[in-house]
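S.K.: just a sequence and a predicted model for now, questions to come.
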Amino acid sequence: MKRLSIFLVLALLLPAVTRGEEFTEYKFWNEGKLTWDDFQDTLSLKSVPSAFVAFLQIEKTKSRDGNTSTVRNEAQACFDKRHSFADPTIRTENQLRLFQLKYDLLEFYRRRLQTELNLGVVGIEADNRTRQYMDLYKEQSQKAEEETEHGQNEERLQEWEFYVTKELIDNPAPAVPHISPRRFGYGFYLGTGASWPVGDIARYWDPAWQIHFGFDLGYANTHLLCDFSAGMARTRQDINVQKDDIRDTWYRNGHNTYTSISLSLGQQLVSTKYFALMPYAGCIWSGYSDQVRIPDGSNERATLAYSNFNWTAGICFDYRFSNTVSLVPSFWRGHREIFTASIRTKIFINREQFKNFNAIEGDMIRGCKLGFSISCLGFSRLLQIK
């Protein structure tokens, strides 16, 4: 048992140790100039006194500020500390200047690659551009070694240092692109809630607990909401129902399916980093239904229902707990988006009236539904890159 516990602890710690080793394998250009401490001195070969290993790579990075995360493709100029080495006998100042010159040259091509990534280059095309810039870097790096005689020609070394430094000054590191949300957005939500009948309806049915789902299409501050919900409601008395020649009775304490489909327009009045408030109004189809076997000896069934088409109104309160800004083009036509995850609380009123097949208390059953729903909402809005 003790050995098993030790094995489990080692298994849990191994990924963390591995990540730590990987992190120290490389040095990035913005971490400072190279020193001889960055090179190995135990991997030297008799015929190869030194080796400088550096390369370009693209990493998807994520930064966070409050409840907002920014995801972007970042080009990195990596110096491989594990596979770069120099024999102690050749560790001169000029040799280190040559290595730094090559590293600065790699940073110049990294900036050019980052500029293209900011413009939306992604996927296979991004890999192709990385290889192209690495080929250019290797060509110029080899040329610098030859013209400076591996760092021994002071005059040519100074000329190359001046040239590369000037290129870095003239081509500063690209900043994170300035972004602003576009007008169009779309989202989906899923949740649950309940509605309470008021008026004559309350004498026939109990409150209904429902599952809600729908989509939200936005343009600027105007939103088109389409909501679907379904649940069960218990009957409070015997209810007669018919469809054409088919009649049935829903007995007291039975259960009917309550469904609704609504289409509404909302106007967002308040929108902050964490909260949003939006009243809305529209139309709704709702009703109670159940199935009955057709009385002709067959196994076919018919759906009998009390249905209603009327108006609905309410207010949505969104708590935005997460925003993710993706500067990486999406699979959908290459757009970049900001994705907002929210908890949406909706309070609503639905007007309802049904034909009274009981024919006892008037021709219609009138009333309304008061309810609420709590849903998880994911909403994406396209970004404009400036």
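M.R.: Cool, got the structure. Numbers count the residues shown, from 1 in each chain.
S.K.: contacts and neighbour counts: CA atoms only from here.
M.R.: Fine.
S.K.: which SSE is residue 108 in?
M.R.: Here residue 108 sits within helix 93-118, counting by DSSP states H and E.
S.K.: which residues are contacting stretch 315-328?
M.R.: 67-73, 118, 120, 122, 273-280, 336-348 (C-alpha atoms under 8 Å, 6 or more residues apart in numbering).
S.K.: related to what we said a few turns ago, show me what whichever helix or strand comes after the helix holding residue 108 is packed up against.
M.R.: Per DSSP H and E, helix 93-118 leads on to helix 124-147 as the next helix or strand towards the C-terminus. Where contact means 3 or more C-alpha pairs under 8 Å, 6 or more residues apart in numbering; DSSP states H and E, helix 124-147 is packed against strand 54-65, helix 93-118.
S.K.: pull out the buried residues from the first one.
M.R.: Along strand 54-65, the positions that meet the burial threshold by neighbour count (16 or more other C-alpha atoms under 10 Å) are 54-58.
S.K.: which residues in the stretch 151-300 of the chain form strands?
M.R.: 179-199, 208-219, 222-234, 239-243, 246-250, 255-267, 270-271, 275-293 (DSSP state E, counting those that start in this stretch).
S.K.: neighbouring strands - and their directions - for the longest one?
M.R.: In this case it means strand 179-199. strand 208-219 (antiparallel), strand 364-385 (antiparallel) (DSSP bridges).
S.K.: worst mean pLDDT among the ones you listed?
M.R.: When the strands paired with strand 179-199 are compared on mean pLDDT, strand 364-385 scores lowest, with a mean of 89.
S.K.: between the strands of the stretch 151-300 of the chain, which one is closest to residue 384.
M.R.: Nearest of those to residue 384, taken as C-alpha to C-alpha: strand 179-199 at 5.3 Å.
S.K.: what's the angle between that closest one and strand 222-234?
M.R.: 30 degrees (axes from the mean of the first three to the mean of the last three C-alpha atoms, to 10 degrees).
S.K.: the closest residue to residue 94 other than its chain neighbours: neighbour count?
M.R.: Nearest non-adjacent residue to residue 94, counting by C-alpha to C-alpha, 6 or more residues apart in numbering: residue 151, 5.4 Å away. Residues near residue 151, counting by other C-alpha atoms under 10 Å, number 23.
S.K.: hang on, the earlier thing: save the strands paired with strand 179-199 as TSV, and put in mean neighbour count and distance to residue 174 too.
M.R.: Below are these laid out as TSV (neighbours: other C-alpha atoms under 10 Å; distance: least, C-alpha to C-alpha, whole Å):
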stretch	mean neighbour count	distance to residue 174
strand 208-219	20	31
strand 364-385	20	14
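S.K.: so which bits of the one helix or strand residue 339 maps to are buried?
M.R.: In this structure, residue 339 sits in strand 337-355 according to DSSP H and E. Going by neighbour count (16+ other C-alpha under 10 Å), the buried part of strand 337-355 is 337-354.
S.K.: for it, packing partners?
M.R.: Using 3+ C-alpha pairs under 8 Å, 6+ apart, strand 337-355 sits against strand 301-326, strand 364-385.
S.K.: so for residue 89, which of these sits nearest?
M.R.: Of the helices and strands packed on strand 337-355, nearest to residue 89 by C-alpha to C-alpha is strand 301-326, at 49.3 Å.
S.K.: partners of that closest one, with directions?
M.R.: strand 68-80 (parallel), strand 275-293 (antiparallel), strand 337-355 (antiparallel).
S.K.: and residue 194, how far is that from residue 315?
M.R.: With distances taken as C-alpha to C-alpha, to the nearest Å, residue 194 is found 15 Å from residue 315.
S.K.: one more: residue 51?
M.R.: From residue 51 to residue 315 the distance is 67 Å (C-alpha to C-alpha).
S.K.: contacts only, for the closest residue to residue 301 other than its chain neighbours.
M.R.: Excluding its sequence neighbours, the residue lying closest to residue 301 (C-alpha to C-alpha, 6+ apart) is residue 293, at 4.2 Å. Contacts for residue 293 (C-alpha under 8 Å, 6+ apart) come out as 299-302.
S.K.: tabulate these (CSV), appending neighbour count and pLDDT.
M.R.: CSV is the format used below for these (neighbours: other C-alpha atoms under 10 Å; pLDDT from 0 to 100):
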residue, neighbour count, pLDDT
299, 8, 70
300, 10, 74
301, 11, 76
302, 12, 77
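S.K.: can you lay out those as a markdown table showing distance to residue 378?
M.R.: Shown next, in a markdown table, are those (distance: C-alpha to C-alpha, whole Å):
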| residue | distance to residue 378 |
| --- | --- |
| 299 | 43 |
| 300 | 41 |
| 301 | 39 |
| 302 | 38 |
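S.K.: chain neighbours aside, what residue packs nearest to residue 287?
M.R.: Residue 287 sits nearest to residue 307 (C-alpha to C-alpha, 6+ apart), 4.1 Å away.
S.K.: I'd assumed residue 290 was in contact with the one you found.
M.R.: No: the criterion here is C-alpha atoms under 8 Å, and residue 307 misses it with residue 290 at 11.6 Å.
S.K.: tell me the bridge partners for residue 211.
M.R.: With DSSP bridges applied, residue 211 shows beta-bridge pairing to residue 192, residue 230.
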